[in-house]
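Trainee: below is the structure, and that's it, no one-letter string:
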């Protein structure tokens, strides 16, 4: 009886040990599965928050840059104004006003010896002065002198044609591109000339010069040096 009880008792102990071992093995197996299980995915917005914020910042910067370039173009000192002749306005002026606006030249003209008319051209849009047109006739009618004084350095006068018959010379005070034509009329020589005179950024165009000469060596270059200092 004692042997049977001992065997039964031993059997119960072995059974309990087996059950305990099974429980432990199951526990450790579950623990390993939990540790090795894939971690739950982060929320999309949390995972991409930094990237989205960076992309948004770049997009906003790009929009601002486009708006600035389109609606607020940068002013450049190299950008020249555009003048259209359809916006020009011509009015009467004076020789003294022309002289004041021409900064590079001094004019050596005896106004008492000439009948002089002066027209001033401005751009109506900007109000800028563009040029002066001067028409002079000597009181004894031996000289007719028309020239255009361009005081605006950003305007190119388009109504003066330079051909291969023009001669270029450079003097200390300015450069001259001119054309002389002389014809004999009785005992006199008639000089017909045109010239472009450039001094720094100001240009004078002699559009028509006529003079009756007794000295055949005289040319428009002599006239220019006497008139424009």
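Mentor: Looks like it came in fine. The shown structure was predicted, so the numbers you read here are calculated from the model rather than taken from an experiment. Numbers count the residues shown, from 1 in each chain.
Trainee: okay, now residue 206: neighbour count?
Mentor: Using other Cβ atoms under 10 Å, residue 206 has 24 neighbouring residues. Backbone N, C-alpha and C define where each C-beta goes, glycine included.
Trainee: need the next SSE after the helix or strand of the chain with the lowest mean pLDDT, C-terminal direction.
Mentor: Using mean pLDDT, DSSP states H and E, helix 49-71 stands out as the lowest-scoring helix or strand of the chain, at a mean of 48. Using DSSP states H and E, the helix or strand that follows helix 49-71 in sequence is strand 88-93.
Trainee: which strands border that next one, and is each parallel or antiparallel?
Mentor: Here strand 88-93 is paired, per DSSP bridges, with strand 114-123 (antiparallel).
Trainee: neighbours around the residue lying closest to residue 149 once chain neighbours are set aside, how many?
Mentor: Spatially, and ignoring its direct neighbours in sequence, residue 149 is nearest to residue 132 (4.6 Å; Cβ to Cβ, 6 or more residues apart in numbering). Neighbourhood size, residue 132 [other Cβ under 10 Å]: 23.
Trainee: repeat that for residue 89.
Mentor: Residue neighbour count, defined by other Cβ under 10 Å, stands at 12 for residue 89.
Trainee: now swap in residue 220 and tell me
Mentor: With other Cβ under 10 Å as criterion, residue 220 counts 23.
Trainee: picking up where we left off before, what bridges to the residue nearest to residue 149?
Mentor: Bridge pairing for residue 132 - DSSP bridges - gives residue 120, residue 149.
Trainee: can you give me the strands in this protein?
Mentor: Taking DSSP state E, the strands of the chain run over residues 88-93, 114-123, 129-138, 143-150, 167-170, 175-185, 188-199, 202-213.
Trainee: could you dump the ones you listed into TSV and include distance to residue 103?
Mentor: Below are those laid out as TSV (distance: least, Cβ to Cβ, whole Å):
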stretch	distance to residue 103
strand 88-93	16
strand 114-123	16
strand 129-138	12
strand 143-150	11
strand 167-170	21
strand 175-185	17
strand 188-199	10
strand 202-213	7
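Trainee: for residue 229, find the nearest of these.
Mentor: Residue 229 lies closest, by Cβ to Cβ, to one member of those: strand 188-199, at 10.0 Å.
Trainee: give the partner strands of the closest one in its sheet and their orientations.
Mentor: Sheet pairing for strand 188-199, using DSSP bridges, gives strand 175-185 (antiparallel), strand 202-213 (antiparallel).
Trainee: list the buried residues for it?
Mentor: Residues of strand 188-199 classed as buried under the neighbour-count rule (16 or more other Cβ atoms under 10 Å) are 189, 191, 193, 194, 195, 196, 197, 198, 199.
Trainee: how about stretch 85-103?
Mentor: Buried, per 16+ other Cβ under 10 Å, within stretch 85-103: 93, 95, 98, 101, 102.
Trainee: now, among these, which is nearest to residue 115?
Mentor: residue 95 (11.6 Å).
Trainee: so that closest one touches residue 111, yeah?
Mentor: Yes: using Cβ atoms under 8 Å, residue 95 is in contact with residue 111, at 6.2 Å.
Trainee: end to end, how far does stretch 93-104 reach?
Mentor: One end of stretch 93-104 sits 19 Å from the other (Cα to Cα, to the nearest Å).
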